[in-house]
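A.B. asks: Starting from these lines, generate the structure:
(chains A, B, C and D)
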4 protein chains.
Amino acid sequence: MFKSIIDVSSRDTDALGHVNNTSLPLWFETARNPVYKIFNPGMDLNPKNWNLIMVHTEFDYIDQIFFGIEVEIRTYIEKVGTTSFTVYQEAWQMDKLRGTGRAILVEFDFNRQETIEISDNIKEELKKHLYKK
Amino acid sequence: MFKSIIDVSSRDTDALGHVNNTSLPLWFETARNPVYKIFNPGMDLNPKNWNLIMVHTEFDYIDQIFFGIEVEIRTYIEKVGTTSFTVYQEAWQMDKLRGTGRAILVEFDFNRQETIEISDNIKEELKKHLYKK
Amino acid sequence: MFKSIIDVSSRDTDALGHVNNTSLPLWFETARNPVYKIFNPGMDLNPKNWNLIMVHTEFDYIDQIFFGIEVEIRTYIEKVGTTSFTVYQEAWQMDKLRGTGRAILVEFDFNRQETIEISDNIKEELKKHLYKK
Amino acid sequence: MFKSIIDVSSRDTDALGHVNNTSLPLWFETARNPVYKIFNPGMDLNPKNWNLIMVHTEFDYIDQIFFGIEVEIRTYIEKVGTTSFTVYQEAWQMDKLRGTGRAILVEFDFNRQETIEISDNIKEELKKHLYKK
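C.D. replies: Below you'll find the predicted structure:
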């Protein structure tokens, strides 16, 4: 599991007094960086070298998140397939689960425009972060 | 169906040369404004008066979206339940479907902290925008 | 002058009940697209072809902006120099000036990593949008 | 001086391959949280209790910022007046200054809609973070 801490910004809140639904997709994208690094050790976000594409994201809003208290994002791997994998993420505030999300990504060769089979090395690395219920 | 036009911002793109996955959640939130207006004619985004909460969003990334060409967001109602409903949205660029999304919302009384049954008037209004395959 | 209409998003508001200060930089960036198009008719946001870099932005917050009412962004050229120029922008809501901004950009060759003198053609085009007090 | 570390998101980059100009306003807003806390120990972002309004922000873009390497934001107080003060901020990446910004805020009573004189206690606290050239 990868842990990252979010300092909630005034920008993340909305006029209802809590954090807006659009913050989870933004926070979770940032918190996926260590997963991206497994596939791209140089973190070179450039179509010549990058090897991941996003195919699906989803978010469940369980409880309100507020300004002024840090949020902890926990990032797990939920499933590893042949060419794709699922990231599962949780947002916690004050020891309470506030939201969850999933992202399905595919390993992809941008130059040849085709999917890549995830290597055994990477699979093993991903499995170190597997979510266990 | 509600139509809205997005002028893609440099901010929406990323170093892979296309629009980042986090733009769909942001664009679709804005494009849900006319749906919010059905429930909140005064658009008073204030917990004393607002009556909707978000419980789930999801996004499918079908094809790349690029800078410099406008994007059309089409917003439909997919399902209407007793207290909840589903918004279904599509992002089109150059007559090609690039991404879709769903948002499940619940009518909610923030003062009494309980769900509200969607009125027949609102149901009828929502059904004018029903998605037909 | 270039005009663009912003449909304020719940995302743009904050827990103080109004639009957050970070929305002006985002809205004004999008509203500079027609200026960018004068320099880049193909709007190819790619370091091989793009020819502008941002050197300074600033924003004055004059009055609160609210959700539910559209905002009009007015984009002018304020100054044209040899290699740089200044964009001046205003945000209006309900016929009241709410905020202004300036952006200083430099024409730049990313391949040779040097500034470019703005051509007479482009200067003329820019001057069609000059701000007059 | 307050230090905060930014994990650059793919969202922060643009198709030119570097971090977009709109990221500085967003990062600097978040990094001002400890300054906001001096005025609002409870961090209650609510017009009944909050006591700051933003009147001006500005940003100088000195050098490109890239994905994959953390950014350090340094937040200082530059000036303290009777009712207003200036925050000065710097963004560093790999020991190189990449951008700076200033924000002018006013202490303000939202209920009475009038400015407040900054107390001596707060002034003293602010001066602990004064920028020295």
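A.B. asks: residue contacts, the spatially most central residue of chain A?
C.D. replies: A centroid search over chain A (CA atoms, centre = their mean) returns residue A:32, at 3.6 Å, as the residue closest to the centre. Residue A:32 makes contacts with A:75, A:87, A:89, A:103, as judged by CB atoms under 8 Å, 6 or more residues apart in numbering or on different chains. Yep, even glycine has a C-beta here, placed from its N, CA and C like the rest.
A.B. asks: any idea how far it is from residue A:57?
C.D. replies: 10 Å (CB to CB, to the nearest Å).
A.B. asks: Could you tell me which residues touch both of those two?
C.D. replies: residue A:103.
A.B. asks: could you pull out the strands for chain A?
C.D. replies: Under the criterion DSSP state E, chain A contains strands at A:2-6, A:52-61, A:71-80, A:84-93, A:96-109, A:114-115.
A.B. asks: Which residues of chain A lie near chain D?
C.D. replies: Chain A comes close to chain D at residues A:4, A:7, A:9-11, A:13, A:17, A:26, A:29-30, A:33, A:36, A:42-46, A:67-69, as judged by CB under 8 Å from any CB of the partner chain.
A.B. asks: do that again at 6 Å, thanks
C.D. replies: Chain A comes close to chain D at residues A:7, A:9, A:11, A:29, A:30, A:33, A:43, A:45, A:67, A:68, as judged by CB under 6 Å from any CB of the partner chain.
A.B. asks: got the contact list for the second one?
C.D. replies: This points to residue A:9. Neighbouring residues of residue A:9 by CB atoms under 6 Å, 6 or more residues apart in numbering or on different chains: D:29, D:30.
A.B. asks: Need the strands of chain A in a markdown table (columns: mean neighbour count, distance to chain C and mean pLDDT).
C.D. replies: As requested, the strands of chain A are arranged in a markdown table below (neighbours: other CB atoms under 10 Å in any protein chain shown; distance: least, CB to the nearest CB, whole Å; pLDDT from 0 to 100):
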| stretch | mean neighbour count | distance to chain C | mean pLDDT |
| --- | --- | --- | --- |
| strand A:2-6 | 16 | 16 | 98 |
| strand A:52-61 | 20 | 13 | 98 |
| strand A:71-80 | 18 | 15 | 98 |
| strand A:84-93 | 21 | 15 | 98 |
| strand A:96-109 | 19 | 16 | 98 |
| strand A:114-115 | 12 | 23 | 96 |
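A.B. asks: nearest to residue D:62, of those strands?
C.D. replies: Nearest of the strands of chain A to residue D:62, taken as CB to CB: strand A:2-6 at 27.0 Å.
A.B. asks: Only alpha carbons, please: show the closest one as CSV.
C.D. replies: Presented in CSV, the C-alpha positions along strand A:2-6 are these (Å, rounded to 0.1, in the frame of the first residue of the first chain):
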residue,chain,number,x,y,z
PHE,A,2,1.2,3.5,-0.8
LYS,A,3,0.2,6.3,1.6
SER,A,4,0.0,10.0,0.7
ILE,A,5,-1.1,12.9,2.7
ILE,A,6,-3.3,15.6,1.1
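A.B. asks: show me what contacts the closest residue in space to residue A:88 that isn't next to it in sequence?
C.D. replies: The shortest distance from residue A:88 to any non-neighbouring residue, by CB to CB, 6 or more residues apart in numbering or on different chains, is to residue A:78 (3.9 Å). By CB under 6 Å, 6+ apart, the contact set of residue A:78 is A:86, A:88, A:131.
A.B. asks: Of those, just say which sits nearest to residue A:99.
C.D. replies: Of all these, residue A:88 has the smallest distance to residue A:99: 11.9 Å, by CB to CB.
A.B. asks: what sits against that closest one?
C.D. replies: Counting by CB under 6 Å, 6+ apart, residue A:88 touches A:76, A:78, A:102, A:131.
A.B. asks: give me the beta-bridge partners of the residue nearest to the last one when sequence neighbours are not counted?
C.D. replies: Right, the one you point to is residue A:131. Spatially, and ignoring its direct neighbours in sequence, residue A:131 is nearest to residue A:76 (3.6 Å; CB to CB, 6+ apart). On the basis of DSSP bridges, residue A:76 is bridged to residue A:88.
A.B. asks: Residue A:76 reaches residue A:132, doesn't it?
C.D. replies: No. If you go by CB atoms under 6 Å, residue A:76 and residue A:132 don't touch, sitting 8.6 Å apart.
A.B. asks: on that earlier part again, and of the residues of chain A next to chain D, the nearest to chain C?
C.D. replies: For those, the residue nearest chain C by CB to the nearest CB is residue A:11; the value is 4.8 Å.
A.B. asks: wait, isn't the closest one in contact with residue C:24?
C.D. replies: No. If you go by CB under 6 Å, residue A:11 and residue C:24 don't touch, sitting 11.8 Å apart.
A.B. asks: Who has more neighbours out of these two?
C.D. replies: A direct count of neighbours by other CB atoms under 10 Å in any protein chain shown for residue A:11 and residue C:24 places residue C:24 higher, at 28 against 24.
A.B. asks: Right, I'll call it a day here.
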